[in-house]
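Enquirer: Generate coordinates for the sequence data below:
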Amino acid sequence: MKKLFLVLSILLLLCGGCNVNDVPHERYGITGYIYDESGNPLEGVKIYCLYIDSTITSGSKSNSIQSDSDSIFIYQLYQNFPNPVSEDTYVRFSLRKDSYIQITIRYKPDNKLVYSYSDTLGYGLFQHYIGSLFDNLQVRNGIYKYYLKAISIIDTFYEEKELLLASIENQPNSISDHQGNYFFNASEGFPGDTVVITSSDNPDIISTKLITNELYFYFIKEGYLSQVMSISVYPNLLINQNIMLKKETR
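Expert: Take a look at the predicted model:
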């Protein structure tokens, strides 16, 4: 009897906390099979998460400094515009003294540095243009944090804000394999986060939008009709969503 109790105790220790219904954390999200009209698997389908159903705009392509000697400026970092970012964006900031400044951008989930710029600037309001950053660095759609650090003789200023990249010109969030299978990690979905929406026409017009469980995905492959679909993600659940793409007709 003691031996039986000992064996059972060891088994309980080995299996403590086990749950046959548990899904590994890295597999939470959306998975599925992408195929053509004949049911054949499609390899190399690019999947972009666009997060929200909104109009994405692009800023004009020039750097400019907006400084008025009659204005009173403080150290301040403004929301980038346009946001969400499709191709390019501006970051505005103001300085109350001559300062050494550094602008950095990092991917929110892993804090990976994707952009850095530094300069020495005088008093005023500045506008820093970020052009083909995301296309060149091959980063994925998602939320990024951008930071401004300004150091003067007597002051050190630091502030951060967030921008949302939602483009179909950069690295996709997922690509289907040779069997037509794809996977999107729920941790890259950011449901529950609030993003700031700005306009390229007037950066001072700002609104906010909640990223819900319903995300928008863009499926694209050369020679096939692209498809946009809304799919919901849920914590700790692996959702299955199969996709059929039709061939383009010419």
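Enquirer: Need the pLDDT of residue 88.
Expert: Note for residue 88: predicted pLDDT of 84.
Enquirer: For it, the count of nearby residues, please.
Expert: 19 (other Cβ atoms under 10 Å). C-betas here are computed from N, CA, C, even on glycine.
Enquirer: One more: the one 10 residues further on?
Expert: Residue crowding around residue 98 was assessed by other Cβ under 10 Å; the count is 13.
Enquirer: For it, give me its contacts.
Expert: Listed by Cβ atoms under 8 Å, 6 or more residues apart in numbering, the contact set of residue 98 reads 120-123, 152.
Enquirer: if I read this right, residue 45 contacts residue 218, doesn't it?
Expert: No. Applying Cβ atoms under 8 Å, one finds residue 45 not in contact with residue 218, separated by 10.4 Å.
Enquirer: From residue 123, how far out is residue 97?
Expert: The gap separating residue 97 from residue 123 is 6 Å, by Cβ to Cβ, to the nearest Å.
Enquirer: The closest residue to residue 244 other than its chain neighbours: what's it in contact with?
Expert: Closest residue to residue 244 in three dimensions, ignoring its sequence neighbours and counting by Cβ to Cβ, 6 or more residues apart in numbering: residue 35, at 5.7 Å. By Cβ under 8 Å, 6+ apart, the contact list for residue 35 reads 41-42, 180, 242-245.
Enquirer: who's residue 35 bridged to?
Expert: residue 41, residue 244 (DSSP bridges).
Enquirer: for residue 118, same thing?
Expert: Counting by DSSP bridges, the residues bridging with residue 118 are residue 102.
Enquirer: Of all residues in the protein, which one is nearest the centre?
Expert: Central residue of the chain (Cα atoms, centre = their mean): residue 142, 0.7 Å from the mean position.
Enquirer: Could you count how many residues lie near the nearest residue to that one once chain neighbours are set aside?
Expert: Nearest residue to residue 142 in three dimensions, chain neighbours excluded: residue 188, at 5.6 Å (Cβ to Cβ, 6+ apart). Residue 188 sits with 20 neighbouring residues when counted by other Cβ under 10 Å.
Enquirer: is it true that residue 188 touches residue 107?
Expert: No. In this structure, residue 188 is not within contact of residue 107 by Cβ under 8 Å, at 9.7 Å.
Enquirer: residues shared between the contacts of the two?
Expert: residue 142.
Enquirer: Show me what stretch 238-246 is in contact with.
Expert: With Cβ under 8 Å, 6+ apart, stretch 238-246 has contacts from 23, 27-37, 42, 45, 219, 221, 224-227, 229, 231-233.
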